[in-house]
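Peer 1: missing the sequence, but the structure's below:
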Ligand code: ADP
Ligand code: MG
């Protein structure tokens, strides 16, 4: 499961309206990219879905349940942050296991889930290391592992690769796409990088000043941009 529906979602900070009213449906299993220039409201929209911000008006539904007022932990989603937020004193294994220990999951189940997450993320040989002994890409994978073990109905990524150098960004882009193919779980991925959007997305949502300019597949946006903003941003030939 992992179908998310936003209905007329509106967000203001004080007198400043950041999201004027968005309707959007994300299908179960889709890889959706929110793309747009800095300050257009990508992170705010993601945080509204995650429950880290309250909507000013409108509703958010996940798998048929109205979660508009639900606390983040009750939404069944996993947010992967760009700052890795790993515990430096804990091993990789314990970093990944941490949310399960908090939820008082039994040790044998924890062992099984951590082993499986490590396998999927190619971290099996690094479980006893600490974050300081890992590369940037490996640390990012540990952060994703910590999300995987909770078996969320969707993963939310906010510019997860922006701290990495160009070469590593390319590798991680492929790894996240492969992860999506393996897990088949809904992923919402925020970026200002057109290349990431075009190469990773099933569906791209182009945002501009809090409004959706267009929603479509990479090919659709490239071949049939609705307007000059989309054409310019995606780099369509016209
Ligand atoms: P993006 O992620 O696309 O760069 P954001 O969602 O972070 O954009 O921000 C969208 C707009 O909302 C910006 O103008 C930003 O200054 C404003 N904004 C974001 N968070 C807050 C906040 N907590 N208080 C006031 N303004 C905010
Ligand atoms: Mg942002």
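Peer 2: Here it is on my side, so go on. Because the structure is a prediction, the values reported are computed rather than measured. Ligands and ions are numbered 1, 2, ... in the order given.
Peer 1: can you pull the pLDDT of residue 84?
Peer 2: pLDDT recorded at residue 84 is 67.
Peer 1: Those residues of this structure touching ligand 1, which are they?
Peer 2: The chain comes close to ligand 1 at residues 13, 18, 36, 38, 39, 40, 41, 42, 43, 44, as judged by CB under 6 Å from any ligand atom. From N, CA and C alone the C-beta is placed, and that goes for glycine too.
Peer 1: got the buried residues for the helix or strand harbouring residue 115?
Peer 2: Assigned by DSSP states H and E, residue 115 belongs to helix 107-120. Buried residues in helix 107-120, counted by 16 or more other CB atoms under 10 Å: 110, 113, 114, 117, 118, 120.
Peer 1: Let me have those residues in a markdown table, adding pLDDT as columns.
Peer 2: Conversion of those to a markdown table gives the following (pLDDT from 0 to 100):
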| residue | pLDDT |
| --- | --- |
| 110 | 97 |
| 113 | 97 |
| 114 | 97 |
| 117 | 95 |
| 118 | 96 |
| 120 | 91 |
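Peer 1: which pair in the residues you listed spans the largest distance?
Peer 2: 110 and 120 (15.9 Å; CB to CB).
Peer 1: For this protein, which segments are assigned as strands?
Peer 2: Under the criterion DSSP state E, strands of the chain are mapped to 4-13, 16-26, 31-35, 57-62, 65-66, 77-80, 154-158, 186-191, 203-208, 211-216.
Peer 1: Redo those as CSV? Include mean neighbour count, mean pLDDT and distance to residue 223.
Peer 2: Formatted as CSV, the strands of the chain follow (neighbours: other CB atoms under 10 Å; pLDDT from 0 to 100; distance: least, CB to CB, whole Å):
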stretch, mean neighbour count, mean pLDDT, distance to residue 223
strand 4-13, 18, 98, 26
strand 16-26, 17, 97, 22
strand 31-35, 25, 98, 17
strand 57-62, 17, 98, 31
strand 65-66, 12, 98, 36
strand 77-80, 22, 91, 31
strand 154-158, 24, 95, 26
strand 186-191, 26, 97, 21
strand 203-208, 23, 98, 13
strand 211-216, 18, 98, 9
